[in-house]
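Peer 1: Coordinates for the following, if possible.
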Amino acid sequence: GADLEVRVFNDHIVEETETVTLMLTGLGGGIAGNLTATVTMTDDDPIVIISPTVVSVAENSSNSLIVLDVDAAAVPGRTLTYSLSGPDAVFFDINPATGIITLRNSLDFETPTDQGGDNTYRITVAANASFAIPRPTLQNVTINVTPVNDNGPVLVDDSLVFVIPENLPAGTMVGDILATDGDLPREVLTYSIIGGNASNAFSVDAATGRIAVADTTQLNFETTTPYTLQIRVTDNGSPTPRSTDGIVSVSLTNVLETHTITTLNQPDIYRLGQAFSLVSPDATLKISDDVHSPDFLGVKLTVSTSRGHSARDIISIVKNGDSAGQIFTKGTKVFQGSIQIGTFVAAKGKKHPDLVVIFNSNANAEALESVMRRLSFRAKDQVGVARTLQMQITNLAGIESNVATRIINVL
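Peer 2: Okay, here's the model as predicted:
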């Protein structure tokens, strides 16, 4: 007898190794009769891998994470072994006996290390059944790394300091909160004030982080201590948003506030050639200002004729004595008692304004009121023409008071 080995490939039927007996009949050649032969049949069909070809893994996963359990159809009597190859195989390990693929090191979505740099890692799995003639089955596998919210917002400055003038109008910008977030894709940051704003003096744009004045009445230098705002920046990352907190300090600077003149008696009758007080003795006159800013340095009192002006009209400061508290002038200097409180410029002819008093740091609201009560008007012509005189105060910052008006009928 003789042994004969026959191999059958790619019949796609998984079989045990079999031994069969064949009856061979000789034909021709002078040999007659039957021969018996033993045939060993070995199944060498390719291995079928049935596990997924695309999987995902979250960034920062530990190297113990099972990325994929390669599943291949068992081959009776054969031992399956597994291996990896491909452009990104260096980042993974595979158990040669079980086919379990694990991370070699954690992967970071924000800094991809795959060959394409796009967080898509490509490997090739090989399954081998220890055939006499090696015939491994190959399967390409794509592993996508997905992002997680592993970075919280970071404030560019977590202790901001802003200094603003008091009494700013609502809507005025105070300053910007700046923050970044290292996550990709870029996350949306939301800004909020979480403390220190009980009076709602300020608001913050949730989208931009811009802080603005919300209530100007809360920004009074004389009554308000500096604000310490607790601010928070929150991202919209998944599955759990992250946030960071910081401090914004807002201090106020003093502003010489707008003066108010209240009020002049009007109208009145003036007879030609007489001296006439612009402020009647019984007139209510009050100059209001910032009580914490008594320094009137640079404050101006302007008196002008807005209607009916004559080139011969005269507006002057009339002396009422040189004792303490009394007003008089010497040259262009203005005194209250023995203290100089300012200077004046009087215009003549067609020039306007008619009189400007510029006060110094010795002046205060009471001195300014005293000067106004000593203002005198004198007309020399244009009988029957009414004069409209105006008074206005301007502080050093250029802020103007209301305009007080006096109408004088010249007879």
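Peer 1: For residue 307, give me its contacts.
Peer 2: Shown in contact with residue 307 (Cβ atoms under 8 Å, 6 or more residues apart in numbering): 386, 387, 388. Quick note: C-beta positions are derived from backbone N, CA and C, even for glycine.
Peer 1: Surely the second one and residue 309 touch.
Peer 2: Yes. Applying Cβ atoms under 8 Å, one finds residue 387 in contact with residue 309, separated by 7.0 Å.
Peer 1: Looking at the two now, which is surrounded by more residues?
Peer 2: The neighbour comparison of residue 387 against residue 309 (other Cβ atoms under 10 Å) goes to residue 387, with 21 against 17.
Peer 1: ok, now how distant is the more buried one from residue 237?
Peer 2: Distance of residue 387 to residue 237, given as Cβ to Cβ, to the nearest Å: 73 Å.
Peer 1: same thing with residue 376?
Peer 2: The value you get for residue 376 to residue 237, if Cβ to Cβ is used, is 76 Å.
Peer 1: Comparing those two, which residue is more hemmed in?
Peer 2: Each of residue 376 and residue 237 has its neighbours counted (other Cβ under 10 Å); residue 237 has more, 20 against 16.
Peer 1: For the residue nearest to that one when sequence neighbours are not counted, give me its contacts.
Peer 2: Nearest residue to residue 237 in three dimensions, chain neighbours excluded: residue 149, at 2.7 Å (Cβ to Cβ, 6 or more residues apart in numbering). Residues counted as contacts of residue 149 (Cβ under 8 Å, 6+ apart) are 183, 187, 235, 237, 238, 239, 240, 241, 242.
Peer 1: List the contacts of residue 298.
Peer 2: 358, 359, 395, 396.
Peer 1: any low-confidence regions in the protein?
Peer 2: 1-45, 131-133, 256-276, 280-295, 348-353 (pLDDT under 70).
Peer 1: Centre-most residue in it?
Peer 2: residue 209 (2.6 Å; Cα atoms, centre = their mean).
Peer 1: ok, it to residue 164 distance?
Peer 2: Residue 209 is 17 Å from residue 164, by Cβ to Cβ.
Peer 1: rewinding a little: dump the contacts of residue 298 to a markdown table, plus secondary structure and neighbour count.
Peer 2: What follows is the contacts of residue 298, written out as a markdown table (DSSP: H, G, I helix; E, B strand; the rest coil; neighbours: other Cβ atoms under 10 Å):
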| residue | secondary structure | neighbour count |
| --- | --- | --- |
| 358 | strand | 19 |
| 359 | strand | 26 |
| 395 | coil | 22 |
| 396 | coil | 14 |
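Peer 1: Between all of those residues, which two are at the greatest distance?
Peer 2: The span of these, defined through Cβ to Cβ, is set by 358 and 395 at 11.7 Å.
Peer 1: if I look at those two, which residues touch both of them?
Peer 2: Counting by Cβ under 8 Å, 6+ apart, the contacts common to residue 358 and residue 395 are 298, 299.
Peer 1: State the distance from residue 244 to residue 193.
Peer 2: 14 Å.
Peer 1: Repeat that for residue 57.
Peer 2: Taken as Cβ to Cβ, the span from residue 57 to residue 193 is 39 Å.
Peer 1: packing partners for the regular element (helix or strand) spanning residue 376?
Peer 2: Counting by DSSP states H and E, the element that carries residue 376 is strand 375-378. The helices and strands touching strand 375-378, judged by 3 or more Cβ pairs under 8 Å, 6 or more residues apart in numbering; DSSP states H and E, are strand 276-277, strand 314-317, strand 386-394.
Peer 1: Out of those, which is the most enclosed?
Peer 2: Among those, strand 386-394 has the highest mean neighbour count (mean count of other Cβ atoms under 10 Å), at a mean of 20.
Peer 1: what is the orientation angle of the helix or strand following that one with strand 386-394?
Peer 2: Sequence-wise, the next helix or strand downstream of strand 386-394 (DSSP H and E) is strand 404-410. For strand 404-410 against strand 386-394, the angle by axes from the mean of the first three to the mean of the last three Cα atoms, to 10 degrees is 160 degrees.
Peer 1: partner strands of strand 404-410, parallel or antiparallel?
Peer 2: strand 268-270 (parallel), strand 386-394 (antiparallel) (DSSP bridges).
Peer 1: between those, which gets nearest to residue 340?
Peer 2: strand 386-394 (19.0 Å).
Peer 1: Residues touching the closest one, excluding its own?
Peer 2: Against strand 386-394 from outside (Cβ under 8 Å, 6+ apart): 259, 261, 264, 267, 278, 287, 299-310, 313, 315, 368, 372, 375, 377, 379, 400-410.
Peer 1: run the last query once more with 6 Å
Peer 2: Contacts with strand 386-394, where a contact means Cβ atoms under 6 Å, 6 or more residues apart in numbering, come from 259, 300-308, 400-401, 403-409.
Peer 1: again, but for stretch 205-215
Peer 2: Contacts of stretch 205-215 (Cβ under 6 Å, 6+ apart): 168, 170-177, 190-191, 200-204.
Peer 1: Quick check: PyMOL command selecting the buried ones in those residues.
Peer 2: Those of the contacts of stretch 205-215 that count as buried under 16 or more other Cβ atoms under 10 Å are selected in PyMOL with:
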select buried, resi 168+174+175+177+190+191+201+202+203+204
